[in-house]
Structures are given as C-alpha cells and as structure tokens.
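Provided below are the primary sequence and the corresponding predicted coordinates.
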Amino acid sequence: MSQVAPATSDKRRTLSPKYRAWLLFWSLVRLVIVLPIWLFGIVALVVGVALSPWGTGVLLSQGEQRDFSPTRIMKVACSTIFSSKISSYSWAKPV
C-alpha cells in the first residue's frame, strides 16, 4: 500500500472563508436548479409509463385484482356527490 508523505499535506492550499462561502452558495444554487428538474423528470417518466398502453393495462389489471372497477367507482362517486350536494340546495328541492 502506498504511503503519503507528510510534507504534501503542508503544501496544500487552505481555502479562505470568503471562497468557502462562495462554494457553499454555488452548491446551493446548483442544488436548487438541478433537484426540481431531476424530480420533474422522474415524475414525467412515471406518468409516461402509467399512460402508455402497457402501463394502463398493468394499472387496470391491478385495480381489478383489488376490486376497483371503474364503473363501480363512478357509481359510488356520482351517487355520493349528487345525493349530498344537490339535495342541500334550496333550488333543487321540489316545490
């Protein structure tokens, strides 16, 4: 295994506090710019796979296995929405 001479660590340049602050600022700027772009790319990839014909088929088959049929969900949603919302309005009640 190679050994590092102790003299090399003495020759290293130390960074000034101003330069360290600049490096910290620049790192944070890059993080703020790159991280949202990276996360948007991941979300776009997942949505693209889910909306592709293969992904839609997989999602629908998983829903059927878990008893999430689209017609049943729509019936329950519509009956819940229309029974609670419309009957509460005075103009919707029969005269």
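Cool, the structure landed. Computed from a predicted structure; not experimentally measured. Residues are numbered from 1 along each chain as shown.

contacts, neighbours, all on C-alpha from now
OK.

and the chain, what are its domains?
Each domain of the chain is listed here as a residue range: 19-51, 53-87, per automatic domain parsing.

next SSE after the strand or helix carrying Gly41?
Secondary structure from DSSP states H and E places Gly41 in helix 17-51. Sequence order places helix 53-65 as the next helix or strand after helix 17-51, per DSSP H and E.

got the angle for that following helix vs helix 17-51?
Comparing the axes of helix 53-65 and helix 17-51 via axes from the mean of the first three to the mean of the last three C-alpha atoms, to 10 degrees yields an angle of 70 degrees.

Check which helices and strands helix 53-65 sits against.
Secondary-structure packing of helix 53-65 (3 or more C-alpha pairs under 8 Å, 6 or more residues apart in numbering; DSSP states H and E): helix 17-51.

One more pass at 10 Å, please.
helix 17-51, helix 70-85 (3 or more C-alpha pairs under 10 Å, 6 or more residues apart in numbering; DSSP states H and E).

The residue lying closest to Leu59 once chain neighbours are set aside: what's it in contact with?
Among residues not flanking Leu59 along the chain, Ala50 sits closest, at 7.3 Å (C-alpha to C-alpha, 6 or more residues apart in numbering). Counting by C-alpha atoms under 10 Å, 6 or more residues apart in numbering, Ala50 makes contact with Ala44, Thr56, Gly57, Val58, Leu59.

This completes my enquiry, with thanks.
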